[in-house]
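Chemist: here's my sequence, what's the structure:
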Amino acid sequence: MLTSQSIPFLMLEEAGVHRLVVEEHWVAAALEQLRRYEEENRGFRLRRVLPPAAPFARSGTALFALTLVALALAQWNSALGPDWSAAGVAHAAAIRAGELQRTATALTLHADVPHLLSNLVFGTLFSYLLFHSCGGGLGALALLLAGMLGNWINAWVQAPEHFSLGASTAVFGALGLLGGSEARTRHLLREPDARRFAPVGATLLLLLYLGVGHLHGEGERWPTSQVDVLAHVFGLLSGLALGAVLGSVPRARIEQHGLQLASGLTACVVLASCWALALGRTPG
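Modeler: Residues are numbered from 1 along each chain as shown. The predicted structure is shown next:
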């Protein structure tokens, strides 16, 4: 700007601070030009360029959907003999007693086909958006942790006899992860407060719109008329908290295939171990 006005200057950097140095008789003119520049550009914000999809976004989404379908079929057909619903449902008293594997296994159980399809539609959408920004492996691990944390909190808030099942806790966890990571990114970019908190507000609105429409439960033991709103709320809040951490991961790290593969493998091992423990406790 000073160059365009033919004002000679030197730019010095001292301890990370940039200083403009002009001759004394140019000081007034330089200050005036700087003041006018700030006034004209007040409120100007550089447009953010959306990065390309992070590694394994599509494959991670496909694996998410296939996992829900495969485990639902195993549940409904009592594969290997045990009662998968009884073994894996999020029973509050059992979780409080230390059966933490139920916080994960319950995410893959569904009451019926409409229940599964509902979670597949919204889960596929939100998981792809999440995996697009943070990768299929890291996103899957964060999604699983958000769902487990939501179910764990819900077990301590609800009555001991409370039962819950369904992927909706993780689905709302994915929504919270999206909002939390975006809010953290905008905070790091020092954007205005209204824009920093807008993603959080959007997730809360979606919770109000969608959070009362997901069913949980099955048959006489878990009635389909009930809606576990608190599980949705705690899943979303868990996602928001974990999303703030996720939003701090540098893009260069997210692009590393090694990190994505390690995170995805960890998520698979955790879920498989939880189911192995759950089925091992149930007589065949």
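Chemist: now do the strands in the protein.
Modeler: With DSSP state E as the criterion, the chain has strands at 10-14, 17-21, 90-91, 163-164.
Chemist: where does the stretch 151-284 of the chain dip in pLDDT?
Modeler: Applying pLDDT under 70 to the stretch 151-284 of the chain picks out residues 211-227, 282-284.
Chemist: switch to 90 and redo it
Modeler: Scanning the stretch 151-284 of the chain for pLDDT under 90 picks out 184-229, 250-252, 280-284.
Chemist: Gln260 contacts Ala140, correct?
Modeler: No. Using Cβ atoms under 8 Å, Gln260 is not in contact with Ala140; the gap is 9.1 Å. The C-beta positions use only the backbone N, C-alpha and C, and glycine is treated the same way.
Chemist: if we can go back for a sec, using CSV, lay out the strands of the chain together with distance to Ser181 and mean neighbour count.
Modeler: Putting those into CSV (distance: least, Cβ to Cβ, whole Å; neighbours: other Cβ atoms under 10 Å) gives the following:
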stretch, distance to Ser181, mean neighbour count
strand 10-14, 33, 9
strand 17-21, 31, 10
strand 90-91, 26, 25
strand 163-164, 26, 25
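Chemist: TSV for these, including distance to His115?
Modeler: Converted to TSV, the strands of the chain look like this (distance: least, Cβ to Cβ, whole Å):
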stretch	distance to His115
strand 10-14	61
strand 17-21	59
strand 90-91	14
strand 163-164	12
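Chemist: in stretch 185-197, what counts as buried?
Modeler: Thr185, Arg186, His187, Arg196 (16 or more other Cβ atoms under 10 Å).
Chemist: first-to-last residue distance for it?
Modeler: The first and final residues of stretch 185-197 sit 11 Å from each other (Cα to Cα, to the nearest Å).
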